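Enquirer: only geometry, no sequence info:
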């Protein structure tokens with residue numbers, strides 16, 4: 001199969017849908033798939049009509065991680081062993097830092113490299129029966145695309161250690177209670193839950209979504225005084241935007257806002 005078949009990109013109104021499509025291998029990820037995801041991110045960022053990214057796996061499973069056949073043949077015991085982590089971390093970081101919000105839809109297995117893609121998305125919504133966890137330690141492996149710096153910021157250090165040092169898997173419902181995902185739903189209501197969730201993202205000003213997301217993403221990376229300066233600057237930029245003027249006018253005139261993204 002061509003890499004375009006292994007990872008697919010569809011436009012659906014304001015929604016970009018990225019599908020992992022190797023169900024015969026539980027949607028295991030390969031380096032070519034990561035490069036293609038990188039290309040899709042560039043394409044989505046450049047398209048002003050797209051406002052939200054949804055990442056999902058075909059045939060009711062998200063991804064069970066990096067393809068171990070590829071890992072064994074191309075990386076284990078080689079001089080290029082670190083390359084897979086470099087590529088994975090770069091692409092997952094691009095996903096995390098997109099100017100448009102991303103939502104991972106979790107079904108089946110969400111482990112190892114699949115888990116890393118999930119924690120690189122802004123939001124996650126899970127089937128209650130999904131199996132979710134870092135899992136690397138159960139194969140004496142180490143995750144190279146985000147667990148040690150994304151998870152502590154999401155969960156705190158104790159829960160991070162619980163997931164990474166035990167290799168335990170959480171059901172989607174348990175992951176919801178663990179604060180690892182934003183919501184969980186029975187399989188028959190998952191699509192409805194996802195569409196309801198993303199509807200509250202697509203109707204917002206694209207300009208303000210970009211600015212607010214960029215500021216939040218830096219919120220744990222600097223001291224309070226520096227972040228206050230960032231906040232002041234963000235307010236100044238906001239109040240000179242067309243969308244802010246439109247938002248205030250629409251509220252005062254009791255009508256729906258019409259966003260320009262500027």
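Expert: On my side now, so go ahead. This is a predicted model, so every value here is computed, not measured.
Enquirer: only C-alpha atoms for contact and neighbour calcs from this point on.
Expert: Will do.
Enquirer: number of nearby residues for residue 191?
Expert: 15 (other CA atoms under 10 Å).
Enquirer: any idea which element it lies in?
Expert: helix 190-202 (DSSP states H and E).
Enquirer: which helices and strands sit right next to that helix?
Expert: strand 52-57, strand 123-127 (3 or more CA pairs under 8 Å, 6 or more residues apart in numbering; DSSP states H and E).
Enquirer: would you list the ones you listed in CSV and tack on mean neighbour count?
Expert: Shown next, in CSV, are these (neighbours: other CA atoms under 10 Å):
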stretch, mean neighbour count
strand 52-57, 24
strand 123-127, 25
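Enquirer: and of those, who's closest to residue 261?
Expert: Closest to residue 261 of those is strand 52-57 (CA to CA; 13.7 Å).
Enquirer: tilt between the closest one and strand 123-127?
Expert: 40 degrees (axes from the mean of the first three to the mean of the last three CA atoms, to 10 degrees).
Enquirer: what strands line up against strand 52-57, and which way round?
Expert: Neighbouring strands of strand 52-57 in its sheet, by DSSP bridges, are strand 15-20 (parallel), strand 102-106 (parallel).
Enquirer: same list (those) but as CSV, adding distance to residue 177.
Expert: Listed next are these as CSV, based on distance: least, CA to CA, whole Å:
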stretch, distance to residue 177
strand 15-20, 26
strand 102-106, 15
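Enquirer: okay, those, which one's buried deepest?
Expert: strand 102-106 (a mean of 26; mean count of other CA atoms under 10 Å).
Enquirer: list the buried ones in stretch 226-233?
Expert: Neighbour-count burial for stretch 226-233 flags 227, 231 (criterion: 16 or more other CA atoms under 10 Å).
Enquirer: can you list contacts of it?
Expert: 215, 219 (CA atoms under 8 Å, 6 or more residues apart in numbering).
Enquirer: partner residues bridging residue 11?
Expert: The partner residues for residue 11, given DSSP bridges, come to residue 16.
Enquirer: for it, grab the count of nearby residues.
Expert: 13.
Enquirer: how near is it to residue 47?
Expert: 10 Å (CA to CA, to the nearest Å).
Enquirer: could the helices and strands packed on helix 190-202 go into JSON lines alongside distance to residue 96 and mean pLDDT?
Expert: Formatted as JSON lines, the helices and strands packed on helix 190-202 follow (distance: least, CA to CA, whole Å; pLDDT from 0 to 100):
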{"stretch": "strand 52-57", "distance to residue 96": "11", "mean pLDDT": "98"}
{"stretch": "strand 123-127", "distance to residue 96": "10", "mean pLDDT": "98"}
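Enquirer: want to throw the ones you listed into CSV with distance to residue 25?
Expert: Below are the helices and strands packed on helix 190-202 laid out as CSV (distance: least, CA to CA, whole Å):
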stretch, distance to residue 25
strand 52-57, 11
strand 123-127, 20
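Enquirer: of all those, which one comes closest to residue 41?
Expert: That would be strand 52-57 among the helices and strands packed on helix 190-202, by CA to CA, at 9.2 Å.
Enquirer: for residue 44, give its distance to residue 98.
Expert: Taking CA to CA, one finds residue 44 at 9 Å from residue 98.
Enquirer: if we ignore the residues flanking it in sequence, what's nearest residue 166?
Expert: residue 137 (7.3 Å; CA to CA, 6 or more residues apart in numbering).
Enquirer: contact partners for the one you found?
Expert: 164, 165, 166, 167.
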